[in-house]
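In: Got a predicted structure plus its sequence, pasted below:
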Amino acid sequence: MSLRAKLLATYLVFVAALAALGAWSAWRLEQAGAVSQRILSENYESVVAAQSMKESLERQDSAALFAELGRTDRAQRQLEEHRRRFDEAFDRAAGNITEPGEREIIDDIRRARDEYYRAFDEHAEYFARIEPGFDALRADVDRLLQLNQAAMLRKSADA
């Protein structure tokens, strides 16, 4: 075998190895993209739902203050709108259980929400009954948010 043939054979082996490495890299990059997409699709919806619940809960708390100040018309409108928004966000989160412990948090939120709604509907004293329910419900929603944000970071780091 001539020197030219040996060099050409060596060059072809190098080109083939480079092509195989390029194909493998493209395949791994595609897999990494799929993992990122899965992380977002699994946890992002719960994160958005938890943030929406927190916002609606704050607005319901404001409605309680409006009611205490005698602005019952504004309080009622705000309460109805933000209960609906809270319940829609809760339903999205409850339908997107992806993490260990998330079902229990959703159950805690459901119980706290029901108690909070009951207390509000019974027109109990704000600081005696509604505020503690608000604080408990907000803490449960925060736990859901933190669980899913941590899972997103963990899964992203693992990817």
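Out: Yep, it's here.

In: which regions of the protein lie under the pLDDT threshold?
Out: Residue ranges of the chain with pLDDT under 70: 35, 39-40, 123-129, 159.

In: Please name every helix or strand in contact with the longest helix belonging to it.
Out: In the chain, assigned by DSSP state H, the helix with the most residues is helix 3-39. Applying 3 or more Cβ pairs under 8 Å, 6 or more residues apart in numbering; DSSP states H and E, one finds that helix 3-39 contacts helix 131-158. Using the backbone N, CA and C atoms, a C-beta is placed for each residue, glycine as well.

In: List the buried residues for the helix it packs on?
Out: Neighbour counts over helix 131-158 (16 or more other Cβ atoms under 10 Å) mark 133-134, 136-138, 140-141, 143-145, 147-149, 151-152, 155 as buried.

In: wait, which of those residues is closest to Trp27?
Out: Lys155 (20.1 Å; Cβ to Cβ).

In: quick one: the closest one and Ile109, what's the gap?
Out: 23 Å (Cβ to Cβ, to the nearest Å).

In: What is the burial count for Gly70?
Out: Gly70 has 9 neighbours, counted by other Cβ atoms under 10 Å.
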